[in-house]
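Visitor: Give me a model of this one.
(chains A and B)
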Amino acid sequence: KQEVTQIPAALSVPEGENLVLNCSFTDSAIYNLQWFRQDPGKGLTSLLLIQSSQREQTSGRLNASLDKSSGRSTLYIAASQPGDSATYLCAVAGANSKLTFGKGITLSVRP
Amino acid sequence: NAGVTQTPKFRVLKTGQSMTLLCAQDMNHEYMYWYRQDPGMGLRLIHYSVGEGTTAKGEVPDGYNVSRLKKQNFLLGLESAAPSQTSVYFCASSHNTGPNTEAFFGQGTRLTVV
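Guide: Numbering: from 1, shown residues only, chains lettered A, B, ... in the order given. Take a look at the predicted model:
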């Protein structure tokens, strides 16, 4: 059974700091890995999708990497802003594109 | 450009009552999913569908039923609601399956069973 772990559960950083959010998974037989953002009381917004054959994807200040063999992914956020405060969820896609989620990292960026 | 729409957004049920949650997508996606999100548990898959007329069980299917009579709609039913079903329910859809398949999520339905 696939298990996805995100540690720590919460993170507080000052504005402007570069930060890395970690995700690990137990079964390397995945189609892709997706990072989502969730604001309080809201739905999930897709940030980045890394296909199983890819090593990284970039979108603006966000960069996500994937090391499938070691079961790890990182989400790098450059020059963090208060507007980046949210919960970040990592999910891996298996057969039939079913997603297995981590529990998320709640990020707070202090002005 | 609606994407994935869930109805209703909020609901309070009494124990033993029944209800149906509706998910509608306008992207002509084949695959649809129902997840529930609970504090400290993350999102877990309840049921899913790989096409019109098909359904399959996910990780936590007990107490729920689903139907996919039309390609664009995926219904989640609670026949006899229990307090343990208090949760936020998310519907998602994807075009197909494969490495470049992205999942699109609705805004969620917050259900409280008292």
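Visitor: what's the residue nearest to residue B:71 when sequence neighbours are not counted sitting at in phi/psi?
Guide: Of all residues not flanking residue B:71 in the chain, residue B:52 sits nearest, at 4.3 Å (Cβ to Cβ, 6 or more residues apart in numbering or on different chains). The C-beta positions use only the backbone N, C-alpha and C, and glycine is treated the same way. Dihedral pair for residue B:52: phi -50, psi 130, per degrees, to the nearest 10.
Visitor: now do residue A:82
Guide: phi -50, psi -30.
Visitor: What of residue A:44?
Guide: The phi/psi pair for residue A:44 (degrees, to the nearest 10) is phi -100, psi 130.
Visitor: which residues touch the residue at the greatest distance from the centre of chain A?
Guide: Relative to the centre of chain A, the most outlying C-alpha is that of residue A:111, 22.6 Å out, by Cα atoms, centre = their mean. Contacts for residue A:111 (Cβ atoms under 8 Å, 6 or more residues apart in numbering or on different chains) come out as A:15, A:82.
Visitor: now with 10 Å?
Guide: Applying Cβ atoms under 10 Å, 6 or more residues apart in numbering or on different chains, we find residue A:111 in contact with A:14-16, A:81-82.
Visitor: What residues does residue 30 make contact with?
Guide: No chain specified, so I'll use chain A. Residues in contact with residue A:30 (Cβ under 10 Å, 6+ apart) are A:2, A:4, A:50-52, A:66, A:68, A:71, A:73, A:91-95, A:100, B:99.
Visitor: could you do chain B instead?
Guide: By Cβ under 10 Å, 6+ apart, the contact list for residue B:30 reads A:97, B:49-52, B:54, B:71, B:93-97, B:101.
Visitor: swap in residue B:77?
Guide: Residues near residue B:77 by Cβ under 10 Å, 6+ apart: B:18-21, B:47, B:63-67.
Visitor: Can you list the low-confidence ranges for chain B?
Guide: Applying pLDDT under 70 to chain B flags residues B:1.
Visitor: still on that earlier bit, got a ChimeraX select line for the buried ones in the contacts of residue A:30?
Guide: To isolate the buried members of the contacts of residue A:30 in ChimeraX, using 16 or more other Cβ atoms under 10 Å in any protein chain shown:
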select /A:2,4,50,51,52,66,68,71,73,91,92,93,94,100
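Visitor: of all the contacts of residue A:30, which comes closest to residue B:110?
Guide: Residue B:110 has its nearest neighbour among the contacts of residue A:30 in residue A:91, at 20.8 Å by Cβ to Cβ.
Visitor: ok, and that closest one, which helix or strand is that part of?
Guide: strand A:86-93 (DSSP states H and E).
Visitor: Show the average pLDDT along the very next helix or strand once past that strand.
Guide: For strand A:86-93, the following helix or strand on the C-terminal side (DSSP H and E) is strand A:99-101. The average pLDDT within strand A:99-101 is 95.
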